[in-house]
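Chemist: show me the folded form of this:
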Amino acid sequence: MRSLKSDSVDLVVTSPPYALHFKKEYGNASQEEYVQWILPFAYEIKRVIKPTGSFVLNIGGAWAPGKPIRSLYHYRVLLALTDDVGFDLAQEFFWFNPAKMPAPAEWVNVRRIRVKDSTEYLFWLVKDPMANADNRRVLQPYSDDMRRLIKRGVKETTRPSGHVVKKSFASDRGGSIPPNLISCGNNESNSAYIKGMKRANKKVHPARFPSELPRFFIEFLTEPDAVVLDPFAGSNTTGFVAESLGRKWISVEVSSEYAEESMLRFEPESCGEAKESSLYPDSLF
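Modeler: Below you'll find the model as predicted:
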């Protein structure tokens with residue numbers, strides 16, 4: 001990442017290893033060490049992002065070892081990114097993963113004194129509060145109720161909360177503005193990457209990024225031909241999604257094995273309308 005030019009990247013969207021209590025095969029810093037571990041990466045990310053660019057960090061929560069209480073390490077990371085590195089928090093998002101397994105077993109499954117932890121944070125950070133963003137690029141389908149309102153119209157009124165509802169509220173603007181909650185499972189099972197790994201009798205990456213997360217932020221925060229960077233690429237979901245959306249991408253992965261295996265995502269059956277010109281191993285580094 002140090003070889004990249006300053007102010008050259010439109011969006012960094014990434015999910016580094018979390019500070020989980022149990023060590024993972026791809027490596028993860030402890031809760032106590034995590035802030036000092038991630039800060040050098042954060043300074044480089046701030047250097048390479050354009051003034052109009054954004055940094056989206058997916059970071060999962062963790063439990064304190066041996067106790068039914070939560071670690072605060074991800075909040076300390078956010079404070080360090082704003083207070084030390086100099087980012088501003090544009091908005092926090094939440095990823096709801098309905099397929100997440102109940103854990104820790106001792107507190108959730110055995111003693112039943114905690115519930116399943118199914119959300120993770122997505123911190124959207126910027127160098128400039130007016131960074132490039134347009135929620136019209138990520139509109140969602142209207143609900144049945146909203147479609148009925150659009151069809152029959154509404155009378156101007158004031159709700160008990162004090163909000164004034166004008167007739168223009170029922171105008172059709174192409175879709176509803178999305179909330180800061182993204183709901184998607186992380187149970188990819190039929191992609192070219194998964195099929196290719198099974199054919200090669202190899203173990204799939206244990207912490208793959210669901211494609212819906214980078215898709216939302218790439219469309220929300222960038223325009224075609226923008227440059228998207230993932231400094232913790234893993235199986236390179238971000239690069240593949242950026243390719244499919246017509247963006248340029250740079251992925252950094254410390255494991256040459258993960259990087260080489262991620263090329264399976266670009267097998268012809270999964271490329272769709274992706275451009276052939278970017279399907280070379282050099283694109284990974």
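
Chemist: which residue ranges form the helices in the stretch 1-150 of the chain?
Modeler: 34-48, 73-80, 105, 144-152 (DSSP state H, counting those that start in this stretch).

Chemist: want to throw the ones you listed into CSV with mean pLDDT and distance to N236?
Modeler: Glycine gets a C-beta too; all of them are placed from N, C-alpha and C. Formatted as CSV, those follow (pLDDT from 0 to 100; distance: least, Cβ to Cβ, whole Å):
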stretch, mean pLDDT, distance to N236
helix 34-48, 97, 17
helix 73-80, 97, 23
helix 105, 92, 31
helix 144-152, 91, 37
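
Chemist: tabulate the ones you listed (a markdown table), appending distance to H205 and mean neighbour count.
Modeler: Listed next are the helices of the stretch 1-150 of the chain as a markdown table, based on distance: least, Cβ to Cβ, whole Å; neighbours: other Cβ atoms under 10 Å:
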| stretch | distance to H205 | mean neighbour count |
| --- | --- | --- |
| helix 34-48 | 19 | 18 |
| helix 73-80 | 22 | 18 |
| helix 105 | 24 | 10 |
| helix 144-152 | 39 | 11 |
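
Chemist: wait, which of those is closest to S244?
Modeler: S244 sits nearest to helix 34-48 of all those, at 22.9 Å, using Cβ to Cβ.

Chemist: now that closest one, how far from the centre of its chain.
Modeler: How far helix 34-48 lies from its chain's middle: 17 Å, per Cα atoms, centre = their mean, to the nearest Å.

Chemist: do the same with stretch 139-157
Modeler: 30 Å.

Chemist: residues making contact with it?
Modeler: 164-167, 169-178 (Cβ atoms under 8 Å, 6 or more residues apart in numbering).

Chemist: from the residues you listed, pick the one nearest H74.
Modeler: Nearest member of the contacts of stretch 139-157 to H74, counting by Cβ to Cβ, is P178, at 22.8 Å.

Chemist: tell me the contacts of that closest one?
Modeler: N135, V138, L139, Q140, F216.

Chemist: can you report phi and psi for it?
Modeler: With angles defined as degrees, to the nearest 10, P178 sits at phi -70, psi 150.

Chemist: that one and G60: what is the separation?
Modeler: P178 sits 22 Å away from G60, going by Cβ to Cβ, to the nearest Å.

Chemist: again with K195
Modeler: In terms of Cβ to Cβ, K195 sits 27 Å off from G60.

Chemist: circling back: so which of the helices of the stretch 1-150 of the chain gets nearest S191?
Modeler: helix 34-48 (27.4 Å).

Chemist: who touches stretch 81-95?
Modeler: 39, 42-43, 46, 54-58, 78, 119-129, 131, 133, 180-184, 210, 213.

Chemist: got a PyMOL select line for the buried ones in these?
Modeler: Per 16 or more other Cβ atoms under 10 Å, the buried members of the contacts of stretch 81-95 correspond to this PyMOL selection:
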select buried, resi 42+46+54+55+56+57+58+78+119+120+121+122+123+124+125+126+127+131+133+182+184+210+213
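
Chemist: contacting residues for the nearest residue to N132 once chain neighbours are set aside?
Modeler: Closest residue to N132 apart from its sequence neighbours, by Cβ to Cβ, 6 or more residues apart in numbering: T52 at 4.6 Å. By Cβ under 8 Å, 6+ apart, T52 lies in contact with D10, D128, M130, A131, N132.

Chemist: count of residues packed around the nearest residue to the second one once chain neighbours are set aside?
Modeler: So the one you mean is D128. Counting by Cβ to Cβ, 6+ apart, D128 lies nearest to P51, which is 5.1 Å off, once chain neighbours are set aside. Neighbours of P51 under the rule other Cβ atoms under 10 Å: 11.
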